[in-house]
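Novice: Prediction below, plus the sequence it came from.
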Amino acid sequence: MLVAAAVCPCPPLLVPEVAAGAASELDAARTACIDALGVLAAARPDLLIVIGPADVDGRGPHPEGSQGSFKGFGVDLDVRLGLGGDPGASVERSLPPSLAVGAWLLARADWADAPVEGLGVGEMLEAERCASAGRELSARADRVALLVMGDGSACRTLKAPGYLDERAVSFDAEASRALAVADLATLSALDESLAYELKVAGRAPWQVLAGAAEGAGLNGRLLYEDAPYGVGYMVATWF
């Protein structure tokens, strides 16, 4: 059963080494993410699952000990998912960037409270399949916690990755309100096509969370919401 969740943005720029001279611009977001992980630790889960958007190569489960890298972003920095697993074991595939950022956050928070696994979710996964996946995750252990990685729209300003789209502000506002109060119905009803047009990386992971939280009776709290670089970033906790 789901006992707690943390929602965090997943840009590699959260990692100071990647952001380089602009690292301080996301200090508030990093602090909020670490605070959110504290809520997960306080819930004493039996299993933590990190969920994030992924392309075809990164979709599906990633066992504890899976490795990721930020070399593709010009930084010689490797990360590892959790503390378990066999450090010397061969890894068939690397963590997708979203899960690599999640692994970096966990290491920064000195996470050692429960086993950790990862799940890469396709950007276009249908809402009902997201909900079904969430239900399956919540049944994995008596006390399950989720770290849900995903950004809002990437169309909030003229310089945003997706340029300016006037629909982006209202989409992000609706999503952030739902995350703030653990509104499962609103998250489940987020428009898949509109999310795709607005380059929303978090839609599918958030809908997995909504499925996992069914019947859990969790409360929500929004810790951070802003749109640096024209991309909606939100940090929330459910407990």
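Specialist: Received, thanks.

Novice: since we're on L184, how many residues are nearby?
Specialist: 22 (other C-beta atoms under 10 Å). Backbone N, C-alpha and C define where each C-beta goes, glycine included.

Novice: Look up the closest residue to it, ignoring the ones flanking it.
Specialist: Of all residues not flanking L184 in the chain, A210 sits nearest, at 4.5 Å (C-beta to C-beta, 6 or more residues apart in numbering).

Novice: Same check on V169?
Specialist: That would be R156: by C-beta to C-beta, 6+ apart, it lies 6.6 Å from V169.

Novice: Now do the SS call for the one you found.
Specialist: Assigned by DSSP: H, G, I helix; E, B strand; the rest coil, the conformation of R156 is coil.

Novice: Run through the helices of this protein in chain order.
Specialist: Residue ranges of the helices in the chain, as given by DSSP state H, are 16-19, 27-42, 97-108, 127-138, 168-181, 184-188, 192-197, 203-212.

Novice: which outside residues touch the shortest one?
Specialist: Contacts of helix 16-19 from elsewhere in the structure, counted by C-beta atoms under 8 Å, 6 or more residues apart in numbering, are 12-13, 23, 25-26, 30, 70, 73-75, 77.

Novice: so D55 touches P96, yeah?
Specialist: Yes: here D55 reaches P96: they are 6.6 Å apart, a contact under C-beta atoms under 8 Å.

Novice: where in this protein is pLDDT low?
Specialist: Scanning the chain for pLDDT under 70 picks out 85-92.

Novice: center of it, which residue is that?
Specialist: Most central in the chain under C-alpha atoms, centre = their mean is M149, positioned 0.7 Å from the mean C-alpha point.

Novice: Across the sheet, point out what pairs with that one.
Specialist: Applying DSSP bridges to M149 gives these bridge partners: C8.

Novice: Quick check on the contacts of helix 16-19: which are buried?
Specialist: Buried members of the contacts of helix 16-19, counted by 16 or more other C-beta atoms under 10 Å: 12-13, 26, 30, 70, 73, 75, 77.

Novice: Tabulate the residues you listed in JSON lines, adding columns for distance to W238.
Specialist: Supplementary listing: the buried ones among the contacts of helix 16-19 in JSON lines, determined by distance: C-beta to C-beta, whole Å:
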{"residue": "P12", "distance to W238": "25"}
{"residue": "L13", "distance to W238": "25"}
{"residue": "L26", "distance to W238": "23"}
{"residue": "R30", "distance to W238": "20"}
{"residue": "F70", "distance to W238": "28"}
{"residue": "F73", "distance to W238": "30"}
{"residue": "V75", "distance to W238": "31"}
{"residue": "L77", "distance to W238": "30"}
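
Novice: what about D55 and P96, which has more around it?
Specialist: Neighbour comparison, D55 and P96: the larger count goes to P96, with 24 against 11 (by other C-beta under 10 Å).

Novice: Pretty sure L119 is one of the things the more buried one touches, is it not?
Specialist: No: the criterion here is C-beta under 8 Å, and P96 misses it with L119 at 10.1 Å.

Novice: who touches both of these two?
Specialist: Counting by C-beta under 8 Å, 6+ apart, the residues touching both P96 and L119 are G52.
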